[in-house]
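# how would this look folded up:
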Amino acid sequence: MPNCTAVVGLTNDNHLSISIFLVLLATFLLILMGNIIIVTITLVDHRLQTPMYFFLRNFSFLETCFTLVIIPRFLYSLLTGRKAFSLPTCLLQSFFFFFLGSSVFFHLAVINRVCLYLVLGCWLVSFLLLLPTTVLFVHLPFCGPNIINHFYCDTAPLLQLSCTDTGIIEVGALVTAVLTLLSTLTVSIISYGCIISTVMRIPSSAGRKKAFSTCSAHLTVVMILYSSSIFRYIRPGQHGGWDFDNVVSFFHTVVTQLFNPYIYALRNEQVKQALKDTQSMEFITRKIRS
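Residues are numbered from 1 along each chain as shown. Now for the predicted structure:
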C-alpha cells in the first residue's frame, strides 16, 4: 500500500467545508474552554477536593485528550485541503480514539462510585481491551485503494483497505464493542435507576423538579453517546462505509464532547460558586494592585 492514507471528510464541497470548519472550530474552543475550567477550578478550590470532583477533573482531562485526537487534524484538513497522512499516523489515531473512547464509557459507568482505583481501572481496562485487536490490526497488509470515506481513522473504513481476510479482527472489534458498550450501559442504567428512585423520595416538588432537570440533561447526553456508538459499532460486518456513518460518528466524537463539561460540572452549584469566588478574588487582587 502507498505510504499515505487520504481521509475523505464530511464533504468535498469547498464552500461547505469552510462553514463546517468555522462551526467545528467554535465547538472545539468551547470544549477546550469548558474542560480546562473544570480541571483548573477543581485543582485550586479546596472545597472541590472531594472524590466526585477528582473524578470530574479526570473525566475532563480524558475528554480533552479524546477531542485533541480527532478535531485538530480534521480542522487542518478542512482548512488546507490536505487530507493525506502516513499510515502509521492513521493507525495511531485509530488506537487512541478507541482507547480514550472506551475510557469515557467506563468513566460514565463509575460516575457515582468514584475513587482512585476505579479511575485507574478505567484506563487500564480500556487499554487491555484494545490491545489484542490493535496488535492484529498493525500486522495487516494494506494494498489500497488508499482512500477512506471518513473524517478520522476509524476501524471499519480502514479494514476496507486491507487485501487479506479481516474476519478475526471484525469479530474482535465486535466483541470489544459489546463488552465495552453493553457492560457500561448496564451499570449506567442501574445507577440512574437508583438516582431516579432517590429523587422520587424527595418530599419537595421543587426539589424533585430541580433534581429531574439535572438528571434529564445527563440522560440526554448518555443516550446520544450510547445510541450513536451502539449503532456504529455493534452490528454484523465492521466494514461500514456508509455516508450516514460519518454523521453518526460526528455525534459521539464532537456533539457529546461539547455537552459533557457543561452538563456534568459547570451546571453544578458548587462549581458555579467556586467560579464566582475566583472571579471575585481576581477583581479584589486587581483593585489592590492598582
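
# for the helix or strand where Phe55 lies, which helices and strands make contact with it?
Phe55 is part of helix 51-80, with elements assigned from DSSP states H and E. Other helices and strands packing on helix 51-80, by 3 or more Cβ pairs under 8 Å, 6 or more residues apart in numbering; DSSP states H and E, are helix 14-44, helix 87-109, helix 116-138, helix 256-264. In this view, the C-beta of every residue, glycine as well, is placed from N, C-alpha and C.

# tilt between the longest one and helix 51-80?
Interaxial angle, helix 14-44 versus helix 51-80 (axes from the mean of the first three to the mean of the last three Cα atoms, to 10 degrees): 160 degrees.

# quick one: buried residues of helix 14-44?
For helix 14-44, the neighbour count (16 or more other Cβ atoms under 10 Å) marks 17, 20-21, 24, 27-28, 31-32, 34-35, 37-39, 41-42 as buried.

# one more: the second one?
For helix 87-109, the neighbour count (16+ other Cβ under 10 Å) marks 87, 90-91, 93-109 as buried.

# Cys90 - nearest residue in space that isn't next to it in sequence?
Using Cβ to Cβ, 6 or more residues apart in numbering and skipping residues adjacent in sequence, the residue nearest Cys90 is Cys153, 4.0 Å away.

# now the one you found, what's its secondary structure?
Under DSSP: H, G, I helix; E, B strand; the rest coil, Cys153 falls in the coil class.

# please shift the residue numbers so they start at 167 in all later answers.
Sounds good: first residue 167 from here, last item Cys319.

# measure it to Ile334 for me?
Distance, Cys319 to Ile334, by Cβ to Cβ, to the nearest Å: 20 Å.

# more neighbours, those two?
Cys319 (24 against 11; other Cβ atoms under 10 Å).

# low pLDDT regions in the stretch 267-416 of the chain?
278-281, 310-311, 402-409 (pLDDT under 70).

# now do the helices in it.
282-304, 321-325, 333-343, 349-366, 371-399, 409-416 (DSSP state H, counting those that start in this stretch).

# deepest-packed of those helices, please.
Greatest average neighbour count among the helices of the stretch 267-416 of the chain goes to helix 321-325 (a mean of 23), per mean count of other Cβ atoms under 10 Å.
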